[in-house]
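>>> Can you look at this prediction? I've put the sequence above it.
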Amino acid sequence: MVIDDSRAMRLILRRIVTQLGFEVHEAGNGREALELLEKMDEPPTVALIDWNMPEMNGLEFVTAVRSQERYRQITLMMVTTESEHGQIVRALAAGAHEYVIKPFTPEAITEKLALLGLVPSGTMS
Amino acid sequence: MTSPTTEDLQAITEQVWLSYLDPEGVAPFLPSEETPALPHVIAAVSVTGAWEGHVVMAFSASASQMAASALLGIEEEEVSRDDIADAVGELVNVIGGNVKSLLPDGSLLSLPHVATIDEGVNKWPAAVEVCRLQGSWQNEPIAISVWTSKSTG
């Protein structure tokens, strides 16, 4: 699942993870993503989450997902311009597993997914 | 208080271009001393908190269209106004976020604001320009500037 208020950024991330074999669902903010999760038969393997979004931001989404046992297996990766150390710590403390700072390369996303064991090591997008 | 410099803006812009607009490195942003013509599209994010100001990108109509085309992977003639707003909004969001990383902790970044300037009006009251990077991308002018609120210097 790709959650970002920018359609362009959703498209960029979609291209990267589609090439890695993932089926992609998109949401424009945290609230839309929670609604989408409710409708899905199976929770997604991983969610790539922007921080600054209208209505419900990425940190609020992470907190909401982590409060629900049924979503505990979703891997949460922040993909954001927020690079302040304190913000990264907050996101990880709230339950995010990984953190990518924009701008990123396809290789950076692939490498993080490999570190999480979601794609084979050495995979290039 | 530390403020970003033109060199900072250039390093950030080069990285953003390589990541999103010019991954092959064949059409980089080229800095220039020349002041670009009146912009057509302005994209901005505001910084509040420990440092207060704005990060502003100004595009010619063609440059904004090319940026949307490159980011969205569609032909330039297929680019809509919404596509342009989305694309340049994300560009200024990423550049603004990286500028914010140079500022004191506790600064907050707004969501992007994008405006089409038909009358050549481009005013930022109560703000002073801190640094500016201007140049061209595929012969179309683009300028990126950082403004601080007069109240915080």
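Noted; the coordinates are in hand. Numbering: from 1, shown residues only, chains lettered A, B, ... in the order given.
>>> Work out for me the element the closest residue to chain A within chain B sits within.
Per C-beta to the nearest C-beta, the residue of chain B with the smallest distance to chain A is residue B:97, at 2.1 Å. C-beta coordinates here come from the backbone N, C-alpha and C atoms, glycine included. Residue B:97 belongs to helix B:81-100 when assigned by DSSP states H and E.
>>> Three-state assignment for the residue nearest the centre of chain A, please.
By C-alpha atoms, centre = their mean, chain A has its centre lying nearest to residue A:48, at 1.3 Å. The three-state assignment at residue A:48 reads strand, by DSSP: H, G, I helix; E, B strand; the rest coil.
>>> That one and chain B, how far apart?
The gap separating residue A:48 from chain B is 14 Å, by C-beta to the nearest C-beta, to the nearest Å.
>>> State the pLDDT value of that residue.
pLDDT recorded at residue A:48 is 98.
>>> Identify the bridge partners of it.
Judged by DSSP bridges, the bridge partners of residue A:48 are residue A:2, residue A:77.
>>> Relative to residue B:53, how far out is it?
Distance of residue A:48 to residue B:53, computed by C-beta to C-beta, to the nearest Å: 30 Å.
>>> circling back to that earlier point, contacting residues around the residue of chain B closest to chain A?
For residue B:97, the contact set (C-beta atoms under 8 Å, 6 or more residues apart in numbering or on different chains) comprises A:80, A:81, A:82, A:83, A:101, A:102, B:45, B:109.
>>> if we go to 7 Å?
Applying C-beta atoms under 7 Å, 6 or more residues apart in numbering or on different chains to residue B:97 gives the contacts A:81, A:82, A:83, A:102, B:109.
>>> Run a quick neighbour tally on the third one.
Read it as residue A:83. For residue A:83, the count of nearby residues is 15 (other C-beta atoms under 10 Å in any protein chain shown).
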